[in-house]
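**Student:** Structure for this input, please:
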Amino acid sequence: MSAVTSAHDEHDDHGPKKGFMRWLTTTNHKDIGTMYLVFALVMFFVGGAMALVIRAELFEPGLQFVNPQFFNSMTTMHALIMIFGAVMPAFAGFANWMIPMMIGAPDMALPRMNNMSFWLLVAGGVLLFSTLFMEGGAPAAGWTMYPPLVLQTGNSLPFAIFSIHLLGVSSIMAAINIVATIFNMRAPGMGLMKMPMFVWTWLITGFLLIAVMPVFAGAVTMLLTDRFFETSFFDAAGGGDPVLYQHIFWFFGHPEVYILILPTFGLASTIIPVFARKPLFGYHSMVYATIVIAFLSFVVWAHHMFTVGMPIAGELFFMYATMLVAVPTGVKVFNWIATMWKGAMTFETPMLFTVAFVVLFTLGGFSGLMLAIAPADFQYHDSYFIVAHFHYVLVPGTVFMIIAGTYYWLPKWTGHRYNEKLAKVHFWMSTISVNVLFFPQHFLGLAGMPRRIPDYAVQFAEFNMISSVGGFLFGFSQLIFLYIIIKTIRGGEKATGEVWEGAKKHGLEWTLPSPVPYHTFETPPKIK
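**Tutor:** Next up is the predicted model:
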């Protein structure tokens, strides 16, 4: 049905649709995947430019470039745009492009809804960005938008909240579509335990999205009614509690972190076996580890709130539950290393970014264990140590793997090979600069520098200067990535079936799925 719908929608009575109308009305999963990826790339540079404003202001003590209100708006907008505008749409683009092909489906299960979910994302992204130009500026209370501070925002607050609703509806629609596709449109003989890991991680991510996006919608709607309809959900003067907002927000916010990272795990489990020329080690344990991580993500939210004055029993529960997440995550890291162990490895660019992800994500995981210790967290909380921790998880964790996935599938998408030498320059510049950018922030946090401030004491100047240099180097390195993508799309050396070195020699397809190649599915039973 969906394939017929897609084919039909690309044509009207006067032949195929052309130009803008083709992209506006398309229901083809590859077209929609491409639009998601292009939108994510644009938002990556918009959100990155905001991060550079922050790092420029923090290059040295004193107020140089922007006022504190605008600085705080930048921290809010940078986070929201990177999460909802860049990372989530990029993974949605990968899902749209690759999942139907990985499971042998002709298209997504709900092609028209697929189109609508993308355009709602664009509307939400534009509306969020437009709050910068409203009276009073964009919300300046951090991406968490805690009351009572956020309730002092100017006229932009309702528009920011409406944009979050649009982005949330878009995410829920995309997740429903992906879950429906995976459950209903797999090729005959492809059981759940024969799906590639990327498909598994997206299936679990889809359920997380459906579960937690409405929670965030509820939290911001309560903010809206507190501001404009005289309710007192979070207003202590009216019997409310600002800490209630934190509980609701982080019940969404912590699973959201795993919504960002689980597709990354699927990508790493797709790329590493290809360049190690070995099947993925411990496929079943990878699937179960992903499910356990997703489950635990719902019961650790208050580790973001150790300093609000919760009872000791609460602190102990959230401390131990948080540490428990390290176990299934450790299983994954062990399995990736075991897959590489004694493999016939080559280090093309996708593999380089993936190996860097495994190393740096593990480093971020270790600092997360430090933060899980409740009494220690009292010292680290709201310092730059937190910023260093979650950026080590999210930048090498998501951005590096989005880049790796793009390089990995670019020959498949475009039919052309990219410039491998230039891509390796991009890798080394990105990897060195991301460490120069974020590693000094651990020391700043341990020395006591608070986050979300436009000015700071002079003793923090040196590490901030190093961090800012790394930030600008990382930002400008991504222009190489942009150049490579545009050049590859426009033409170049033709990609063949053996696009990666050594694939023919070792008898593996370059799109090797795990755990089993497509041709080993059981023969479907004959219909009598």
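**Student:** CA atoms for contacts and neighbours, from now on please.
**Tutor:** Noted.
**Student:** where do the helices sit along the stretch 401-528 of the chain?
**Tutor:** 420-446, 461-490 (DSSP state H, counting those that start in this stretch).
**Student:** Format those as TSV; extra columns: distance to Val150 and mean pLDDT.
**Tutor:** Formatted as TSV, the helices of the stretch 401-528 of the chain follow (distance: least, Cα to Cα, whole Å; pLDDT from 0 to 100):
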stretch	distance to Val150	mean pLDDT
helix 420-446	25	96
helix 461-490	27	96
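**Student:** Nearest approach to Tyr36 belongs to which of those helices?
**Tutor:** The closest of those to Tyr36 is helix 461-490. By Cα to Cα, the value is 15.0 Å.
**Student:** buried sites along that closest one?
**Tutor:** For helix 461-490, a neighbour-count test (16 or more other Cα atoms under 10 Å) marks 461, 463-475, 477-478, 480-481, 484-485, 488-489 as buried.
**Student:** and the host helix or strand of Tyr36, what does it pack onto?
**Tutor:** Using DSSP states H and E, Tyr36 sits in helix 29-57. In terms of contacts (3 or more Cα pairs under 8 Å, 6 or more residues apart in numbering; DSSP states H and E), helix 29-57 is packed against helix 68-80, helix 88-103, helix 111-130, helix 461-490.
**Student:** Report the angle between the shortest one and helix 29-57.
**Tutor:** Read that as helix 68-80. 150 degrees (axes from the mean of the first three to the mean of the last three Cα atoms, to 10 degrees).
**Student:** Show me which positions of helix 68-80 end up buried.
**Tutor:** Neighbour-count burial for helix 68-80 [16+ other Cα under 10 Å]: 68, 70-80.
**Student:** same question, stretch 311-327
**Tutor:** 315-316, 318-319, 321-326.
**Student:** Name the nearest residue to Gly47, ignoring sequence neighbours.
**Tutor:** His78 (4.9 Å; Cα to Cα, 6 or more residues apart in numbering).
**Student:** Could you verify my assumption that the one you found touches Ala51?
**Tutor:** Yes: proximity of His78 to Ala51 meets the contact threshold set by Cα atoms under 8 Å, at 6.2 Å.
**Student:** Might you list the low-confidence residue ranges for the protein?
**Tutor:** Along the chain, the model assigns pLDDT under 70 to residues 1-16, 498-528.
**Student:** sorry, back to before: would you mind giving the helices of the stretch 401-528 of the chain as a markdown table with distance to Val199 added?
**Tutor:** Converted to a markdown table, the helices of the stretch 401-528 of the chain look like this (distance: least, Cα to Cα, whole Å):
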| stretch | distance to Val199 |
| --- | --- |
| helix 420-446 | 26 |
| helix 461-490 | 25 |
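**Student:** Next up, the contacts around Ala356.
**Tutor:** 396, 400, 431 (Cα atoms under 8 Å, 6 or more residues apart in numbering).
**Student:** Around Val126, how many other residues sit close by?
**Tutor:** 13 (other Cα atoms under 10 Å).
**Student:** Compile the helices and strands packed on helix 29-57 into a markdown table and extend it with columns for distance to Lys18.
**Tutor:** Output for the helices and strands packed on helix 29-57, formatted as a markdown table (distance: least, Cα to Cα, whole Å):
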| stretch | distance to Lys18 |
| --- | --- |
| helix 68-80 | 34 |
| helix 88-103 | 21 |
| helix 111-130 | 17 |
| helix 461-490 | 19 |
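**Student:** Out of those, flag the one nearest Phe249.
**Tutor:** helix 68-80 (13.8 Å).
**Student:** now the strands for the chain?
**Tutor:** 11-12, 15-16 (DSSP state E).
**Student:** who's in contact with the residue nearest to Tyr456 when sequence neighbours are not counted?
**Tutor:** Here the nearest residue to Tyr456 in space, its sequence neighbours aside, is Pro61; by Cα to Cα, 6+ apart that works out to 5.7 Å. Shown in contact with Pro61 (Cα under 8 Å, 6+ apart): 455-458, 461.
**Student:** Please, a PyMOL command that selects the buried ones among those residues?
**Tutor:** Here is the PyMOL selection string for the buried members of the contacts of Pro61, based on 16+ other Cα under 10 Å:
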select buried, resi 456+461
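**Student:** What is the nearest of the contacts of Pro61 to Lys332?
**Tutor:** Once Cα to Cα is applied, the member of the contacts of Pro61 that ends up nearest Lys332 is Ala461, at 38.3 Å.
**Student:** For the closest residue to the closest one other than its chain neighbours, grab the count of nearby residues.
**Tutor:** Among residues not flanking Ala461 along the chain, Glu60 sits closest, at 5.7 Å (Cα to Cα, 6+ apart). As a burial measure, Glu60 scores 21 neighbours (other Cα under 10 Å).
**Student:** got the phi/psi numbers for Glu60?
**Tutor:** phi -150, psi 160 (degrees, to the nearest 10).
**Student:** In this structure it contacts Met465, no?
**Tutor:** Yes: under the criterion of Cα under 8 Å, Glu60 makes contact with Met465 at 6.4 Å.
**Student:** Find the residues that touch each one of those two.
**Tutor:** Between them, Glu60 and Met465 share no contacting residue, judged by Cα under 8 Å, 6+ apart.
**Student:** quick one: which of the contacts of Ala356 is most hemmed in?
**Tutor:** Pro396 leads those on contacts (other Cα under 10 Å) with 27 neighbours.
**Student:** Identify the residue spatially nearest to it, adjacent ones excluded.
**Tutor:** Nearest to Pro396 is Phe357, by Cα to Cα, 6+ apart, at 5.1 Å.
**Student:** need the contact list for the one you found.
**Tutor:** Taking Cα under 8 Å, 6+ apart as the test, what Phe357 contacts is 396-397, 400-401.
**Student:** export those residues to JSON lines and tack on distance to Asp382?
**Tutor:** Shown next, in JSON lines, are those (distance: Cα to Cα, whole Å):
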{"residue": "Pro396", "distance to Asp382": "22"}
{"residue": "Gly397", "distance to Asp382": "22"}
{"residue": "Phe400", "distance to Asp382": "26"}
{"residue": "Met401", "distance to Asp382": "27"}
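**Student:** wait, isn't Val212 in contact with Trp250?
**Tutor:** No: using Cα under 8 Å as the test, Val212 is too far from Trp250 to be in contact (9.9 Å).
**Student:** now the helices for the stretch 101-250 of the chain?
**Tutor:** Counting by DSSP H, counting those that start in this stretch, the helices of the stretch 101-250 of the chain are 111-130, 157-184, 197-228, 242-276.
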